[in-house]
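Novice: I'll drop the sequence and a predicted model, then ask my questions.
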Amino acid sequence: MTPVQRADSAPQGTLKSPYQDSDAAVVDSGSKVYLRYGCNGCHGGNGGGGICPPLTNDVWVYDGDDDTLFRLVAYGTQVLQDKGYSRKDMENVVGPMPPMGQVVQTDDDLWRILAFVRSNYHGAPECKFGCGGK
Ligand code: HEC
């Protein structure tokens, strides 16, 4: 299933990663697909930011839960906002995330990427999956 098909098929708020970021094999494969799909061009090789927001701090633009991050990457900013999401927090860079749901080939690839992203998280531990609208 493509990420967009997966996101379209599940009610908002219900997507949950099948992976843990403590699973080294998953994180390793996730880092490879992250690079293959060019996420690093904007977010840096380890997700620490660059010309785009860092993925590793405790600022989550929409929220930090699995469901929100999956939908943001799959749909991109425009479609996510059309579906009723709005920015809750601000990174140092504000701009639209392109829809990557047609680029990333499968939902499994996207969950692996998100496990890799979480493995590089450096923010406050209690905010790893979102701070509840901090
Ligand atoms: C063309 C540049 C670009 C590319 C390529 C890109 N992103 Fe993004 N990304 C952004 C921007 C800009 C934002 C902020 C979106 C917003 O504020 O609406 C963002 C936001 C995010 C966020 C949320 C960050 C937060 O702090 O809440 C995640 C997670 C993310 N991107 C993951 C990815 C992944 C995974 C890929 C590769 C499949 C990717 N991005 C490719 C530009 C990019």
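Specialist: Nice, I can see it. Note that the structure is a prediction, hence the values are computed from the model and not measured.
Novice: Which helix or strand in this structure has the lowest average pLDDT?
Specialist: Using mean pLDDT, DSSP states H and E, the weakest-scoring helix or strand in the chain turns out to be helix 40-43, at a mean of 94.
Novice: That one: what's the following helix or strand?
Specialist: Using DSSP states H and E, the helix or strand that follows helix 40-43 in sequence is helix 66-82.
Novice: Please compute how far that following helix lies from its chain's middle.
Specialist: For helix 66-82, the separation from the chain centroid amounts to 8 Å (computed by C-alpha atoms, centre = their mean, to the nearest Å).
Novice: So which bits of that helix are buried?
Specialist: 66-77, 79-80 (16 or more other C-beta atoms under 10 Å). No exception for glycine: its C-beta is placed from N, CA and C like everyone else's.
Novice: which of those residues are close to the ligand?
Specialist: 69, 72-73, 77 (C-beta under 6 Å from any ligand atom).
Novice: Tabulate these (a markdown table), appending pLDDT.
Specialist: Formatted as a markdown table, these follow (pLDDT from 0 to 100):
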| residue | pLDDT |
| --- | --- |
| 69 | 98 |
| 72 | 98 |
| 73 | 98 |
| 77 | 97 |
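Novice: Next up, the contacts around the residue nearest the centre of the chain.
Specialist: Central residue of the chain (C-alpha atoms, centre = their mean): residue 69, 3.9 Å from the mean position. For residue 69, the contact set (C-beta atoms under 8 Å, 6 or more residues apart in numbering) comprises 60, 63, 114, 117.
Novice: can you tell me which of the ones next to the ligand among the buried residues of helix 66-82 lies nearest to the ligand?
Specialist: residue 77 (3.6 Å; C-beta to the nearest ligand atom).
Novice: Would you agree that closest one is in contact with residue 100?
Specialist: No. Counting by C-beta atoms under 8 Å, residue 77 stays clear of residue 100, with 10.9 Å between them.
Novice: For this protein, which residues score under the pLDDT cut-off?
Specialist: Under the criterion pLDDT under 70, the flagged ranges of the chain are 132-134.
Novice: Pull up the residues of it that are close to the ligand.
Specialist: So far as C-beta under 6 Å from any ligand atom goes, the chain lies against the ligand at 37-39, 41-43, 52-53, 55, 59-61, 69, 72-73, 77, 87, 91, 94-98, 100, 104, 113, 117.
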